[in-house]
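> requesting a structural model of the entry that follows:
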Amino acid sequence: MKKFGLIGYPLEHSFSKSFFNDKFHSEKIDAEYVNFEIANIQDFTKVVNNNKDIAGLNVTIPYKEQIIPYLDGIDKDAADIGAVNVIKITVDKGEKKLIGFNSDIIGFTKSIKPLLKEYHNKALILGTGGASKAIFHGLKKLGIESTFVSRSPKEEMISYKDINEEIMQEYNVIVNCSPVGMFPKVDKCPDIPYSLLTEKHLLYDLIYNPDETLFMKRGAEHGATTKNGLEMLIYQAYGAWEIWNR
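Numbering: from 1, shown residues only. Below you'll find the model as predicted:
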């Protein structure tokens, strides 16, 4: 039996385990998917060494960037993004080879593309973690210029307090890549001026639990189009399966 799994911390609300095990059961695939919750990235080598039949892994927060030094190579998209969320594991002459990929970019672009209008040409990306880098490159592929928003801005970023009326008019796509609003802290939302939103704004939240975050709810109240990250997650999971089976 082949084994696949997820690396991250914490993992109690993981989507991948149930998704893949349901897939394996319904399609009669002789495989299992398990969660490897590790509190430190240094424990990653134990996961690989202690699971001889492991053929592929997903990587989630906080390890999408930290995992890279532990791999034997990464593909171009993952290198450009600087983050990995899929690892393909092969065995060559008795030695395991670990190659990193990024299917977040596949999932995001497929999911947001049907919502885009001709006037959606600039985006604010809330958060600067591993997922946000995939979103930046995904938007770039769709012809949308992006700016990162951070609580501690560096070069070529802005802070939340910098988001004024002029910026809200100029940037009509807003993607939340931060964990703010995720279960169980569902009464939280990113600190943006929601009163300046219009029906021309598109708010995309990578969070999928709850179904409608406070970020989405407050956007909808002002006529904005909103979408959560569940479809992106499904698309990136299929992307991972394709990578593992190439």
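> list the contacts of the residue of the chain positioned farthest from its centre.
Distance from the centre of the chain peaks at K93, with 33.8 Å (Cα atoms, centre = their mean). If a contact means Cβ atoms under 8 Å, 6 or more residues apart in numbering, then K93 has no contacts. (Each C-beta comes from the backbone N, C-alpha and C, glycine too.)
> so what does the helix or strand hosting T226 touch, helix or strand wise?
According to DSSP states H and E, T226 maps onto strand 225-227. Counting contacts by 3 or more Cβ pairs under 8 Å, 6 or more residues apart in numbering; DSSP states H and E, strand 225-227 packs against strand 202-205, helix 214-221.
> quick one: contacts of that strand?
When contacts are defined by Cβ under 8 Å, 6+ apart, strand 225-227 is touched by residues 111-112, 115, 199, 201-205, 212, 216-217, 219-220.
> give me the sheet partners of that strand and which way each runs.
strand 202-205 (parallel) (DSSP bridges).
> got a list of contacts for the partner strand?
Residues from elsewhere that reach strand 202-205, judged by Cβ under 8 Å, 6+ apart: 111-112, 115-117, 120, 172-176, 181, 197, 213, 215-216, 219, 224-229.
> any of the residues you listed buried? List them.
Taking 16 or more other Cβ atoms under 10 Å as the criterion, what is buried in those is 111-112, 116, 120, 172-176, 181, 197, 213, 215-216, 219, 224-229.
> nearest residue to the middle of this structure?
Note: the chain centre (Cα atoms, centre = their mean) maps to A131, 4.2 Å.
> domain assignment for the protein?
The chain breaks down into these domains under automatic domain parsing: 2-102, 105-229.
> got TSV for the ones you listed, with distance to Y235 and mean pLDDT too?
As requested, those are exported to TSV (distance: least, Cβ to Cβ, whole Å; pLDDT from 0 to 100):
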stretch	distance to Y235	mean pLDDT
domain 2-102	12	94
domain 105-229	4	96
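> wait, which of these is closest to W241?
Taking Cβ to Cβ, domain 2-102 is the member of the domains of the chain nearest to W241, at 7.7 Å.
> show me which helix runs longest in the chain.
helix 230-244 (DSSP state H).
> other SSEs contacting it?
Secondary elements touching helix 230-244 (3+ Cβ pairs under 8 Å, 6+ apart): helix 16-26, strand 54-59, strand 86-92, helix 104-112.
> what's the closest of these to I144?
Across the helices and strands packed on helix 230-244, closest to I144 is helix 104-112 (Cβ to Cβ), at 9.1 Å.
> just how off-centre is the closest one within its chain?
9 Å (Cα atoms, centre = their mean, to the nearest Å).
> so what's the residue count around the closest residue to N121 other than its chain neighbours?
Nearest residue to N121, sequence neighbours excluded (Cβ to Cβ, 6 or more residues apart in numbering): I144, at 5.9 Å. For I144, the neighbour count with other Cβ atoms under 10 Å is 18.
> touching, I144 and E118? I think so.
No - using Cβ atoms under 8 Å, I144 is not in contact with E118; the gap is 11.6 Å.
> right, I'll call it a day here.
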